[in-house]
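J.: this one's sequence-less:
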DNA sequence: GCTTGCCTACACAGATCTGTGTAGTTAGCT
DNA sequence: AGCTAACTACACAGATCTGTGTAGGCAAGC
């Protein structure tokens, strides 16, 4: 075997390591995401997923050994890194509410995929529950670090409050079908930040490009 | 037909109007609630419901023409009146967060049944979505009326913020499996109330029984 | 040109689901 | 005693679901 390239130890089944295999895997996950997220995990069968992509069910099962594995991969793919930003910590926090509001207004939001999965699967031992927890915790820590950077009092507690507000906004947007709830949550977040002695308007740590 | 009593026009099928019929209907709904709420609507079949009660599937279908009708009845039964309270408006508001916290701690809460139904059914045209919306709106108005009674500034907006906080707390308790998120939300609510010039401790409109 | 690996098409097993049809049993009422 | 209404048991239709087994096609690399 001359210089193991990407072919390496070909398993034959499950997640081929070839370039084409990676592309196929991504195609599957992209479609899975759309269907699972819009219609719900339990409402979408693997036949439907395969048919939507235009591949045979057999191929799908060659990439994912079970629907459960597909569900886990779907959620893991949703667990994307938080994009870094040049804006001030406080702005970044408030931007989070704007972002979900914009996503919902653009019809790209139907609740939180992690929360939806936990609700639908109703099994605390499922990997989906672990992933969902990790996602929520990461966001809380992100909030906390931003608050520390903004010199907020009680950053740890406040981060939890902001996280609750964000999830509440997502739920309320879904049920009320009203993107405005994101703005409502943003105002509440703004009030909480002010109460924690965080300057909002003047943006203390913000870098501005040549005024 | 002598003096139509409760027998009245017996339909023969669907929701008998007899006393025994009402009892059976309630038995069905009580069991349905437990199963649907704990395990999820889509995860529980009508066979399971009937078997759990110990009745035949045929009898169940004599009371509810379809599973969908059962789902709607389940949610309608969850739409119970808000109990009145002697406590001050502000206390009533903050009590709401304590209540969901206690319910979760007592393992009696697995998310909001209305939100869960909306998520699971994923159909905005479903009656479940209308019921869920009505429920959320009723609670928002309840908050608003309490805030008006407490002479809060911007009662309308603040009511929305408090509603977002409450739903956020329920979601976070579910995903994090931590009843403490209710207390976190309560603190946030308290901060928001203070910011709206609402007196918290002294309880202005509260009636106390002989100190 | 031939092997190898991925793909498709298709059939199928076995479970589960909603909803119905039917015959027989039980319990209350007159 | 007899009638009626509700309930049970059970079978079944038809759809859908997860997951597998198999035979063959097609394209890339040796």
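T.: Structure received. The shown structure was predicted, so the numbers you read here are calculated from the model rather than taken from an experiment.
J.: going forward, measure contacts and count neighbours with C-alpha atoms only.
T.: Fine.
J.: Quick one: list the elements packing against the host helix or strand of residue A:29.
T.: Counting by DSSP states H and E, the element that carries residue A:29 is helix A:19-39. With contacts defined as 3 or more CA pairs under 8 Å, 6 or more residues apart in numbering or on different chains; DSSP states H and E, the packing partners of helix A:19-39 are helix A:46-53, helix A:67-78.
J.: Of those helices, which is nearest chain B?
T.: helix A:67-78 (14.2 Å; CA to the nearest CA).
J.: Could you list the buried residues of that closest one?
T.: Buried residues in helix A:67-78, counted by 16 or more other CA atoms under 10 Å in any protein chain shown: A:70, A:71, A:72, A:73, A:74, A:75.
J.: Tabulate the helices and strands packed on helix A:19-39 in a markdown table, adding columns for mean pLDDT and distance to residue B:93.
T.: As requested, the helices and strands packed on helix A:19-39 are exported to a markdown table (pLDDT from 0 to 100; distance: least, CA to CA, whole Å):
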| stretch | mean pLDDT | distance to residue B:93 |
| --- | --- | --- |
| helix A:46-53 | 96 | 46 |
| helix A:67-78 | 97 | 36 |
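J.: Could you dump those into JSON lines with distance to residue A:93 added?
T.: Below are the helices and strands packed on helix A:19-39 laid out as JSON lines (distance: least, CA to CA, whole Å):
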{"stretch": "helix A:46-53", "distance to residue A:93": "36"}
{"stretch": "helix A:67-78", "distance to residue A:93": "20"}
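J.: Let me have those helices in TSV, extended by distance to chain B.
T.: Formatted as TSV, those follow (distance: least, CA to the nearest CA, whole Å):
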stretch	distance to chain B
helix A:46-53	16
helix A:67-78	14
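J.: JSON lines for those, including distance to DNA strand D?
T.: Output for those, formatted as JSON lines (distance: least, CA to the nearest atom of the strand, whole Å):
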{"stretch": "helix A:46-53", "distance to DNA strand D": "4"}
{"stretch": "helix A:67-78", "distance to DNA strand D": "4"}
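J.: check whether the helix or strand hosting residue A:170 contacts chain B.
T.: Per DSSP H and E, residue A:170 falls inside helix A:155-176. Yes - Helix A:155-176 is in contact with chain B by CA under 8 Å from any CA of the partner chain, via A:157, A:160-161, A:163-169, A:171-172, A:175-176.
J.: what is the orientation angle of that helix with helix B:155-176?
T.: Calculated by axes from the mean of the first three to the mean of the last three CA atoms, to 10 degrees, helix A:155-176 forms an angle of 100 degrees with helix B:155-176.
J.: dump the residue contacts of residue A:198.
T.: Residue A:198 sits next to A:150, A:151, A:152 when contact means CA atoms under 8 Å, 6 or more residues apart in numbering or on different chains.
J.: got the angle between the helix-or-strand element of chain A with minimal mean pLDDT and helix A:46-53?
T.: Between all helices and strands in chain A, the lowest mean by mean pLDDT, DSSP states H and E belongs to helix A:19-39, at a mean of 91. Taking the same axes, to 10 degrees, helix A:19-39 and helix A:46-53 form an angle of 120 degrees between their directions.
J.: what does the model give the closest residue to residue A:186 other than its chain neighbours for pLDDT?
T.: Counting by CA to CA, 6 or more residues apart in numbering or on different chains, residue A:186 lies nearest to residue A:97, which is 5.6 Å off, once chain neighbours are set aside. Listed pLDDT for residue A:97 reads 98.
J.: Residue A:142 now?
T.: 98.
J.: Quick check: it vs DNA strand C, distance?
T.: To DNA strand C, residue A:142 is 38 Å away according to CA to the nearest atom of the strand, to the nearest Å.
J.: how near is that residue to DNA strand D?
T.: Distance of residue A:142 to DNA strand D, computed by CA to the nearest atom of the strand: 35 Å.
J.: To what extent is that residue buried, counted in neighbours?
T.: As a burial measure, residue A:142 scores 16 neighbours (other CA atoms under 10 Å in any protein chain shown).
J.: Check residue A:106 too.
T.: Neighbour count for residue A:106, taken as other CA under 10 Å: 10.
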